[in-house]
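Undergrad: Attaching a predicted model along with its sequence, questions to come.
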Amino acid sequence: MVDNQRLAEILQGYGQIIEDRTCEEVRPIFENGFWRIPLADGQVLQVEESELPLAVQGLLRLYVEAVTLPGNDRDEAERLVRKWLAGAESVEGERLAGALTALGFADRDVVIVAIQAGKSSDEAVLDDAVQLLQSLLEEQQAMVVRAAGARMYVLLSDTASPEPAIRAQIVSAWIDTLGTELFLLCQAGISTSTKELLQLEQVRGEAEFALMAGLLYRSKDAVHEYERLGLARVLYGMPKEIRQAYVAEVLPEAVGTNLTPELRETIFAFFEHGQQVADTARGLFIHRNTLLYRLERIAELTGHDVRKPMQGFALWLALTLSRTDSPNERE
């Protein structure tokens with residue numbers, strides 16, 4: 001066990017004691033460039049690592065990691081990884097790798113799957129979903145956690161994560177099982193695999209990116225692989241200011257408000273059916289002449305004739321980018 005009080009006495013000259021009654025930690029933690037050493041009565045000694053002599057920095061890391069991670073406290077290691085995986089705590093890379101090693105993970109292929117359930121999902125059902133996923137993986141090196149917003153994350157070692165094509169089929173089977181057993185509609189994003197535990201923060205970001213890009217721009221699919229996002233990668237990765245400028249140019253607000261839900265549905269259906277009038281009319285269960293009237297009305301309102309490939313694609317892209325109020329906010 002780490003003697004927090006003794007450690008604080010040694011390091012107090014380099015930092016300051018602050019009040020933090022929300023701190024749930026019992027061990028020293030390092031995040032965002034600061035060491036935080038929990039003390040009694042809701043107090044925490046906060047020390048900026050750059051203020052420590054290099055020798056002290058190294059000794060402090062060795063001491064804390066030696067006591068807390070290499071198998072001496074498996075529960076602490078699991079708690080740390082679960083909080084990181086759920087996005088509840090930022091963990092420095094070497095410390096996370098040490099915790100994963102203590103749990104039996106090693107530098108080999110590791111994959112993260114982010115799963116989003118319907119927003120109206122009941123809390124108890126989401127808890128059942130975690131238990132169901134864990135039971136599906138009980139014979140494999142894996143971890144399943146719940147996060148905010150009906151989100152779940154699955155961490156898989158190489159023994160549970162085969163070739164990408166097969167992996168996607170396995171995740172698709174999970175989604176089907178959640179739907180069959182719990183009537184839970186879900187979509188999933190799958191990261192690439194990594195052979196180094198120190199790269200896991202990047203891998204988690206890939207799973208999140210794949211899921212969000214899929215939810216926004218490939219909503220009819222259940223599983224979205226980071227390596228196979230296609231156009232969704234470009235759309236979700238587009239900086240916010242460029243997206244807004246493009247939508248404002250092609251579909252100004254005054255024009256967009258005149259496009260009824262029916263006309264918007266017609267545009268998307270027209271492209272889904274390869275800009276074929278007969279196929280689109282059958283797909284929408286409307287008469288061919290009704291479809292032609294709608295296409296003329298769309299051209300009249302927007303100045304874009306969706307029967308002409310480039311004009312139609314420009315309008316489709318503007319509508320696609322304006323589907324959500326929360327696209328990627330990346331600078």
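TA: All right, it came through fine.

Undergrad: all strands for the stretch 201-331 of the chain, in order.
TA: Counting by DSSP state E, counting those that start in this stretch, the stretch 201-331 of the chain has strands at residues 223-225.

Undergrad: Point out where it drops to low pLDDT.
TA: For the stretch 201-331 of the chain, the stretches flagged by pLDDT under 70 are 324-331.

Undergrad: for the stretch 101-250 of the chain, what spans make up the helices?
TA: Remark: helices assigned in the stretch 101-250 of the chain by DSSP state H, counting those that start in this stretch are 123-136, 164-182, 200-217, 231-237, 240-250.

Undergrad: Point out the most buried one among those.
TA: Ranked by mean neighbour count, these are led by helix 200-217 with a mean of 21 (mean count of other Cβ atoms under 10 Å). (Each C-beta comes from the backbone N, C-alpha and C, glycine too.)

Undergrad: which non-adjacent residue is nearest the residue nearest the centre of the chain?
TA: Nearest residue to the geometric centre of the chain (Cα atoms, centre = their mean): residue 208, 2.0 Å. Leaving out its chain neighbours, the residue that sits closest to residue 208 by Cβ to Cβ, 6 or more residues apart in numbering is residue 114, at 5.4 Å.

Undergrad: Would you agree the one you found is in contact with residue 209?
TA: No: assessed by Cβ atoms under 8 Å, residue 114 is found out of contact with residue 209, at 9.0 Å.

Undergrad: residues shared between the contacts of those two?
TA: Shared contacts of residue 114 and residue 209, defined by Cβ atoms under 8 Å, 6 or more residues apart in numbering, comprise residue 189.

Undergrad: still on that earlier bit, need the helices of the stretch 101-250 of the chain in JSON lines (columns: distance to residue 62).
TA: Shown next, in JSON lines, are the helices of the stretch 101-250 of the chain (distance: least, Cβ to Cβ, whole Å):
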{"stretch": "helix 123-136", "distance to residue 62": "34"}
{"stretch": "helix 164-182", "distance to residue 62": "37"}
{"stretch": "helix 200-217", "distance to residue 62": "22"}
{"stretch": "helix 231-237", "distance to residue 62": "40"}
{"stretch": "helix 240-250", "distance to residue 62": "43"}
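
Undergrad: Name the spans of the stretch 51-200 of the chain whose pLDDT lies under the cut-off.
TA: Judged by pLDDT under 70, the stretches of the stretch 51-200 of the chain that qualify are 64-73, 107-108, 119-121, 158-162.

Undergrad: Can you show me the strands along it?
TA: For the stretch 51-200 of the chain, strands defined by DSSP E, counting those that start in this stretch occupy the ranges 110-117, 142-147, 151-157, 186-190.

Undergrad: What pairs with the shortest one, parallel or antiparallel?
TA: To tie it back to what came earlier, the one meant is strand 186-190. Paired neighbours of strand 186-190 in the sheet (DSSP bridges): strand 110-117 (antiparallel), strand 223-225 (parallel).

Undergrad: buried residues in the longest one?
TA: Okay, so that is strand 110-117. Within strand 110-117, the residues scored as buried using 16 or more other Cβ atoms under 10 Å are 110-117.

Undergrad: by how many degrees do that strand and helix 164-182 diverge?
TA: 40 degrees (axes from the mean of the first three to the mean of the last three Cα atoms, to 10 degrees).

Undergrad: Also compute the angle for strand 110-117 relative to strand 151-157, please.
TA: Counting by the same axes, to 10 degrees, strand 110-117 lies at 160 degrees to strand 151-157.

Undergrad: where's strand 110-117 relative to the chain centroid, distance-wise?
TA: Centroid separation between strand 110-117 and its chain, computed with Cα atoms, centre = their mean, to the nearest Å, is 7 Å.

Undergrad: Just the C-alphas of that strand, formatted as CSV.
TA: C-alpha atoms of strand 110-117 as CSV (Å, rounded to 0.1, in the frame of the first residue of the first chain):
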residue,chain,number,x,y,z
VAL,A,110,-6.0,-5.2,-28.8
VAL,A,111,-9.3,-3.9,-30.2
ILE,A,112,-12.0,-1.6,-28.7
VAL,A,113,-15.6,-1.7,-29.7
ALA,A,114,-17.9,1.2,-28.9
ILE,A,115,-21.6,0.4,-28.8
GLN,A,116,-24.5,2.9,-28.7
ALA,A,117,-27.9,1.8,-27.6
